[in-house]
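Engineer: sequence and predicted structure, then a few things I'm wondering about:
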Amino acid sequence: MVSWAFDWKGAPPGLPGLSRRQVWFVLAVCLVCGGCNAETPPSVHIGSGPSFELSGNGRLSSFTVFGPRAGHHLAIPNPSFASVVWEIVAPRGRFDGLRVDGFRLAFGDLPFGYDQVVPRESQARPSLPSGAVYSFSATTTASAPLRGYFYVSAGSPVLIRMPDLCVRPKDGEQQVVVCGTNQPFQEPADLDGFVRSHTIEP
């Protein structure tokens with residue numbers, strides 16, 4: 001750690017081989033770089049459509065929406081346990097995506113500069129039938145993948161919490177379990193009641 005002793009003129013003493021002007025320049029660069037390290041983790045707000053409004057640092061590398069498989073009403077953001085309904089990727093690499101902060105994604109609409117992986121062009125436009133919990137996974141350059149859950153009903157979609165759901169290795173394979181107990185996770189019988197008690201207020 002470097003500490004500066006200021007003289008009465010308010011300028012730091014020179015360093016060997018550096019003028020006072022060069023020292024001030026070095027200080028300014030250090031302050032700017034220090035500010036750049038203050039990262040804001042990405043976050044998602046959901047709107048009608050649904051739409052996904054992103055904020056935070058980094059660039060969006062990919063965005064995936066998962067839907068429940070047949071016989072289920074809840075989709076885990078993992079292709080081993082749910083169906084990929086919609087997926088877009090930055091085609092030229094993860095650092096070539098658009099900036100996350102202020103980026104708004106409308107479900108099913110391909111944003112400029114991205115490729116749609118699912119569904120293919122020859123397939124029908126995706127839809128999200130009501131009465132189910134869907135999930136999303138956003139990969140950015142600033143942090144680990146951001147994942148979340150949302151419920152689609154006749155009204156506007158809402159974000160919900162899933163604090164007790166984990167994917168863990170068990171008996172040699174990945175399984176969906178209750179966090180902390182490793183007991184098999186059971187979908188709630190009263191989905192509407194579960195959503196009401198786990199809704200994330202905007």
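Structural biologist: Yep, that arrived.
Engineer: in what helix or strand does residue 196 lie?
Structural biologist: Of the helices and strands defined by DSSP states H and E, residue 196 is found in helix 191-198.
Engineer: so what's the residue nearest the centre of the chain up against?
Structural biologist: Compute the mean C-alpha point of the chain, and by C-alpha atoms, centre = their mean the closest residue is residue 146, 2.7 Å away. Shown in contact with residue 146 (C-beta atoms under 8 Å, 6 or more residues apart in numbering): 41, 42, 43, 44, 137, 138, 139, 140. Every C-beta, even on glycine, is put in place using the N, C-alpha and C of the backbone.
Engineer: the same query, at a cut-off of 7 Å, please.
Structural biologist: With contact set as C-beta atoms under 7 Å, 6 or more residues apart in numbering, residue 146 has these partners: 42, 44, 138, 140.
Engineer: I'd like to know how far residue 179 sits from residue 134.
Structural biologist: 20 Å (C-beta to C-beta, to the nearest Å).
Engineer: those two: who's more crowded?
Structural biologist: Counting neighbours by other C-beta atoms under 10 Å for residue 179 and for residue 134 shows that residue 134 has the greater number, 24 against 14.
Engineer: hey, what's that one bridged with?
Structural biologist: Taking DSSP bridges, one obtains residue 150 as the residues bridged to residue 134.
Engineer: I figured residue 133 hits residue 74, correct?
Structural biologist: Yes - using C-beta atoms under 7 Å, residue 133 is in contact with residue 74, at 4.3 Å.
Engineer: give me the number of residues near residue 56?
Structural biologist: Residue 56 has 20 neighbouring residues, counting by other C-beta under 10 Å.
Engineer: same question but for residue 193, I mixed them up
Structural biologist: The local packing of residue 193 (other C-beta under 10 Å) involves 10 other residues.
Engineer: residues contacting the nearest residue to residue 157 once chain neighbours are set aside?
Structural biologist: In space, not counting the residues next to it along the chain, residue 157 is nearest to residue 50; the distance is 4.3 Å by C-beta to C-beta, 6 or more residues apart in numbering. If a contact means C-beta under 7 Å, 6+ apart, then residue 50 has 107, 150, 157 as its contacts.
Engineer: pLDDT score assigned to residue 50?
Structural biologist: The predicted local confidence for residue 50 comes out at a pLDDT of 95.
Engineer: state the mean pLDDT of stretch 143-162.
Structural biologist: If you average the per-residue pLDDT over stretch 143-162, you get 91.
Engineer: ends of it, what's the gap?
Structural biologist: The first and last residues of stretch 143-162 sit 20 Å apart, counting by C-alpha to C-alpha, to the nearest Å.
Engineer: please apply the same query to stretch 110-120.
Structural biologist: 12 Å.
Engineer: for it, buried residues please.
Structural biologist: By neighbour count with 16 or more other C-beta atoms under 10 Å, stretch 110-120 contains the buried residues 114, 116, 118.
Engineer: neighbours of the closest residue to the last one other than its chain neighbours, just the number please.
Structural biologist: For residue 118, the nearest residue in space outside its immediate sequence neighbours is residue 87; the separation is 4.2 Å by C-beta to C-beta, 6+ apart. When counting by other C-beta under 10 Å, one arrives at 19 neighbours for residue 87.
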